[in-house]
Each structure stands twice: as C-alpha cells, then as structure tokens.
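Asks: Sequence plus the predicted model coming up.
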Amino acid sequence: MMQSDDTQAAPAPDADGFGPANDELEQALARMAELEAQIVRERAEAENQRKRWVREFEQARKYGADRLLGELFPVIDSLEQGLKAAEVPGAGIDALKQGIEMTLRMLQKAAESSGLHAIDPVGQAFNPEVHQAVGMQPHASVPADQVISVLQKGYRLHERLLRPAMVLVSQGAG
C-alpha cells in the first residue's frame, strides 16, 4: 500500500520523546518563573515603600515641633533674663512689666507663625461652637446673647478648635 501525498507524517519525537510541545512547555515555564520573580520584586518594593512611609511618619511625629520649639528659644531666654533682673535689688515693677509684655508678644508671634490663633470674642454674638458660656448677666447697653467679657481666651490651630473661649454672655436689659 502506498501513502498518498495528502497524508502528513507525524513529527518525529525529540530525544526526550515528547516532541515540539516540549519546547512550548519550557517557554511557558520560563515565562512563569520570570513573572513569579517580578511579583516577588514588586512585593519587596511595596514593603520597602511602606517601611519608608512608616519611618518618615515617625520622624515627622517625633520632630514635627522642632520649628516651633526653635522659635520658642528667644522666649525662654527672655523669661530667664527677666527672672535674673527681678533678683536685682531695686528692680522696678515697670521694667519687669515691660519685659513680660515683650516676652508675651514674642510667644504670641511664635504661636501664630505655627498656626495658633487666639479667640477673643468680646462684643461678638455668642457661638456655642467656639465659646463656652460660664454665666449670663443682665446688661443694659449690650444686646442679649452677646459676649460681655472673656474669662479665658480660646484657641484654634488653623481651623481646628483646641480650646473654646470661656465667656460671660449678656441677657440684655434687665
């Protein structure tokens, strides 16, 4: 019997007995190993990034106040000098008062440069979101629900309320 030209012979097996399919399998296994190595590298890179962020966050938390504290050095120096000046016999009250006022201005400037702002609402309408009423008094010349006096200033750090102002509020004409 003769073979016709239409019939093709099956490829001969390689030395290992598997044929051309073996090459495709080896290529697929090599590609899989390459992809696994890439995944391991990317995971390591992501973990290193996470560790770097944690380290930077800790550094920012630990040393974030260094700028403010640097601005407080002159205030501390001024207070120390004021204490020394107060020990000198014949130190005048007026000179001490001036020194305290100057030191307070320095402290306020340092606080404001870091975003701290005082809330001093005398003459403003009472706002329970930023004021804490400690009492009400009748007042003939101040309308009801207006702040008469501030017993303790409030403070904001940028937009966040740190402490409400403690105030007396007018009841209006008694």
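Replies: Perfect, thanks for sending it.
Asks: how about the strands of this protein, start to end?
Replies: All strands of the chain, identified by DSSP state E, fall at 116-119, 131-138, 147-152, 154-157, 160-163, 165-172.
Asks: hey, which of those is tucked in deepest?
Replies: strand 165-172 (a mean of 20; mean count of other C-beta atoms under 10 Å). (Glycine included, C-beta is placed from N, CA and C.)
Asks: in the protein, which segments are predicted with low confidence?
Replies: 1-20, 174 (pLDDT under 70).
Asks: quick one, helices of it?
Replies: Secondary structure of the chain (DSSP state H): helices at 21-63, 66-87, 93-113.
Asks: As a markdown table, these with distance to residue 134 would be great.
Replies: Below are the helices of the chain laid out as a markdown table (distance: least, C-beta to C-beta, whole Å):
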| stretch | distance to residue 134 |
| --- | --- |
| helix 21-63 | 35 |
| helix 66-87 | 29 |
| helix 93-113 | 24 |
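Asks: if we can go back for a sec, out of the strands of the chain, the one nearest residue 46 is which?
Replies: strand 160-163 (32.8 Å; C-beta to C-beta).
Asks: ok, residues contacting the closest one?
Replies: 116, 129, 130, 152, 154, 155, 156 (C-beta atoms under 8 Å, 6 or more residues apart in numbering).
Asks: Quick check: beta-bridge partners of the last one?
Replies: On DSSP bridges, the residues paired with residue 156 through beta bridges are residue 117, residue 161.
Asks: Who are the contact partners of it?
Replies: 116, 117, 119, 130, 162.
Asks: Between which two of the residues you listed is the distance greatest?
Replies: 116 and 130 (14.4 Å).
Asks: thinking again about what came up before, mind giving me JSON lines with the contacts of residue 156 and columns for distance to residue 72?
Replies: JSON lines is the format used below for the contacts of residue 156 (distance: C-beta to C-beta, whole Å):
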{"residue": "116", "distance to residue 72": "12"}
{"residue": "117", "distance to residue 72": "17"}
{"residue": "119", "distance to residue 72": "21"}
{"residue": "130", "distance to residue 72": "26"}
{"residue": "162", "distance to residue 72": "17"}
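Asks: With distance to residue 24 added, can I get the strands of the chain in a markdown table?
Replies: Shown next, in a markdown table, are these (distance: least, C-beta to C-beta, whole Å):
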| stretch | distance to residue 24 |
| --- | --- |
| strand 116-119 | 70 |
| strand 131-138 | 78 |
| strand 147-152 | 81 |
| strand 154-157 | 66 |
| strand 160-163 | 64 |
| strand 165-172 | 78 |
